[in-house]
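# Need the 3D shape of this:
(4 chains)
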Number of protein chains: 2
Amino acid sequence: MSEQAHPGRRSIGARRNPDSADAILDAAEAVLTEAGYSGFSIEAVARRARAGKPTIYRWWPSKAALLLEVYQRGKRVAVPDTGNLEEDLVGFLNNLFRHWRETSSGNVFRSLVAEAQSDETAAVALASYAGGRRSHTGQIIERAKARGEVAAGIDSALVADLVASYAWKHLLTNRLDEDEATIRKAVRYLTQGIAGAR
Amino acid sequence: MSEQAHPGRRSIGARRNPDSADAILDAAEAVLTEAGYSGFSIEAVARRARAGKPTIYRWWPSKAALLLEVYQRGKRVAVPDTGNLEEDLVGFLNNLFRHWRETSSGNVFRSLVAEAQSDETAAVALASYAGGRRSHTGQIIERAKARGEVAAGIDSALVADLVASYAWKHLLTNRLDEDEATIRKAVRYLTQGIAGAR
DNA sequence: GTCGAGAAACGGCCCGTTTCGTTTCGCCGC
DNA sequence: GCGGCGAAACGAAACGGGCCGTTTCTCGAC
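Residues are numbered from 1 along each chain as shown, chains lettered A, B, ... in the order given. Just a heads-up that it's a prediction; the model follows:
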C-alpha cells in the first residue's frame, strides 16, 4: 500500500527511507494533537521527527499534502448496514462523530478544511476527497433505494452531501458532542423527505 | 527625515477614531479581496490603510475580531417571505450564494471559519454568530409552522442548522455556483420531511 | 499638557530554499 | 557472492524574507 504513487509524491527512481516517512507522519500527528493547528508547522514536525525540513519538502509539496496523508492513514469510519435507512445514517453519523472526537482525525480534518481556505492545492485535494466520500456515503442511500425505502428518483449524492454538510458544520463549530436524539431528529427530517412509496 | 512629502492626497488633518477605523476596515476588505486569506495579515492591512499596527491592535484584539467586523459591516442577506416554505428556503439560499459570490463576504466568511480552526476567540465569536443566525433563519421555518405548512413538533433551529450546513459546505468547498434546480432539490428533500398535515 | 496617531524597530517564529558533508542503497564488474 | 562506485536521500545549518505582537519615539490636534 505504501509503494503506490501518491499525488504530489515522487515514486519513480526514488529511494525513500520508510522509517523516516513514518516518523514524519507520526510526528505530524503528534504535533497536531499536542499543539493544535496553530502550532502545526513544517519546522515543528521536522524537530519532532528529528528530520530535516528538506526531507519533508522532498516528499510532501505542502502542509496540505502532509495533513491529507495523516488523515488517510487513520482508520476508516464504519458504515453500518442494518437494513434500515434511518438506523444506517444515525449509526454512520454517530460513528463519525465519535471517531472525530476520540482520535486525532477530527483535528486533522478540521485543519485540512482550514488549510484549503488559503491553499489552492489543498482545496483541490479536499474537493477530490469529498467527492469520493460523497459517492461512498451515497451507497447507504443507494441500498435503501434498492429496498424501496427511498424513492427511485432521489439524488443519492445530493443526500450524502446533505448528511456530510451536517457533519462538517458540527466539526468546524466544535459541536461533535451532539446527543443521539438530536442526530436522529436531523436524520429523520431528511429521510422522511425522500421516502419511497413502499 | 520622514516621508513628509507623499504624493499629496490627503489633508494633514488628524484622523480620529471613526475615520481611521473605517479606513482600516476598508483596507482589510480590500486586502482580503485582492490577496485572499493567505495574504491577509495585520501588517498588510496596516500598510494598505496607511495605519500603524498598534492602532489596529488597540481596537481589534485579533485577526478574527477584524474579520468579524468586516463581515458584519456588509449588507445583510435578504430573507424572503413568499408564503411558501420551499420558495422561501430556495430564495434564501439563492440570495446567500449570490451574495457570497458577488461580494467579498464569501471570502471574508471563509476566512473567519478557517481562522476559527486555530484561534479559540474566533471559534467563540463564530459560534455565537452562528447561533444568532440559526434562530434568525429559523424564523422562516417558524412562519411556515404558523401557516401549518410545517408540523408543530419540528425543531426550527435544527432545520435552520441543516440549511446553513449545506450553505457552509458549499462555501468551503468552492461550490457556490450550484444551479437553482439542485438547490431546490436539496430544499425539497428537507421540506418534505418536515411537512405538516395541512 | 495630554492623548491618540503613525513610523520604526525589537526579538521571535516560520517560510521555502540552498548548501554542506554524510549515509544509504542500487547496480555492475568481478 | 563480493566489493566498490555513484546516485540519491539524509540531517543539520544557514539563507533572505515575511509576519507576529510589543515597545519606543515623535508629531499634531485638541
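
# For stretch A:146-157, which residues meet the burial criterion?
Of the residues in stretch A:146-157, A:Glu149, A:Val150, A:Ile154, A:Asp155, A:Ser156 count as buried by neighbour count, 16 or more other CB atoms under 10 Å in any protein chain shown. Any C-beta I mention is one placed from the backbone N, CA and C, and that applies to glycine too.

# now, which of those residues lie within helices?
Those of the buried residues of stretch A:146-157 mapping onto helices are A:Ser156, per DSSP state H.

# which of the buried residues of stretch A:146-157 sit farthest apart?
Across these, the longest distance by CB to CB is 15.5 Å; it joins A:Glu149 and A:Asp155.

# For A:Thr121, the count of nearby residues, please.
Neighbour count for A:Thr121, taken as other CB atoms under 10 Å in any protein chain shown: 17.

# Surely it and A:Pro61 touch.
Yes. Here A:Thr121 reaches A:Pro61: they are 7.1 Å apart, a contact under CB atoms under 8 Å.

# dump the residue contacts of A:Ala152.
A:Lys145, A:Gly196 (CB atoms under 8 Å, 6 or more residues apart in numbering or on different chains).

# For it, which three-state class applies?
Three-state assignment for A:Ala152 (DSSP: H, G, I helix; E, B strand; the rest coil): coil.

# Phi first, then psi, for it.
phi -60, psi -30 (degrees, to the nearest 10).

# That one and B:Ala125, how far apart?
Using CB to CB, to the nearest Å, A:Ala152 is found at 45 Å from B:Ala125.

# wait, does the helix or strand encompassing A:Lys145 contact chain B?
If you go by DSSP states H and E, A:Lys145 is part of helix A:120-146. Yes. Applying CB under 8 Å from any CB of the partner chain, one finds helix A:120-146 in contact with chain B at A:Ala123, A:Leu126, A:Ala127, A:Ala130.

# any idea how far the last one is from DNA strand D?
Computed as CB to the nearest atom of the strand, to the nearest Å, the A:Ala130 to DNA strand D distance reads 29 Å.

# For that residue, grab the count of nearby residues.
18.

# Not including adjacent chain positions, what is the nearest residue to it?
Closest residue to A:Ala130 apart from its sequence neighbours, by CB to CB, 6 or more residues apart in numbering or on different chains: B:Thr173 at 5.9 Å.

# likewise the third one?
If the residues on either side of it in the chain are set aside, A:Ala127 comes closest to B:Thr173, at 5.6 Å by CB to CB, 6+ apart.

# Show the contacting residues for that neighbour.
A:Ala116, A:Ala123, A:Leu126, A:Ala127, A:Ala130.

# most neighbours, which of the residues you listed?
Ranking the contacts of B:Thr173 using other CB under 10 Å puts A:Ala116 first, with 26 neighbours.

# Which of the helices or strands spans the spatially most central residue of chain A?
For chain A, A:Phe109 is the residue whose C-alpha lies nearest the centre (CA atoms, centre = their mean; 5.8 Å). Using DSSP H and E, A:Phe109 falls within helix A:105-116.

# That helix vs helix A:120-146, what angle?
Orientation of helix A:105-116 against helix A:120-146 (axes from the mean of the first three to the mean of the last three CA atoms, to 10 degrees) gives an angle of 130 degrees.

# Count the neighbours of A:Leu25 for me.
Every residue meeting other CB under 10 Å relative to A:Leu25 is counted, giving 17.

# Check A:Arg50 too.
The burial count for A:Arg50: 10, using other CB under 10 Å.

# Tell me how far it lies from A:Ala44.
Relative to A:Ala44, and taking CB to CB, A:Arg50 is found at 12 Å.

# out of everything not next to it in sequence, what's closest to the residue of chain A found nearest chain B?
Minimum separation of chain A from chain B (CB to the nearest CB) falls at A:Gly193, amounting to 3.0 Å. Leaving aside its sequence neighbours, A:Gly193 sits nearest to B:Gly193 (CB to CB, 6+ apart; 3.0 Å).

# likewise A:Leu25?
A:Leu25 sits nearest to A:Val70 (CB to CB, 6+ apart), 5.6 Å away.

# residue contacts, the one you found?
So A:Val70 contacts A:Leu25, A:Ala28, A:Glu29, A:Leu32, A:Ser104, A:Val108 (CB under 8 Å, 6+ apart).

# and it, backbone torsions?
phi -60, psi -40.

# just A:Gly36 next, same as before
Dihedral angles (degrees, to the nearest 10) for A:Gly36: phi 80, psi 180.

# Count the neighbours of it for me.
16.
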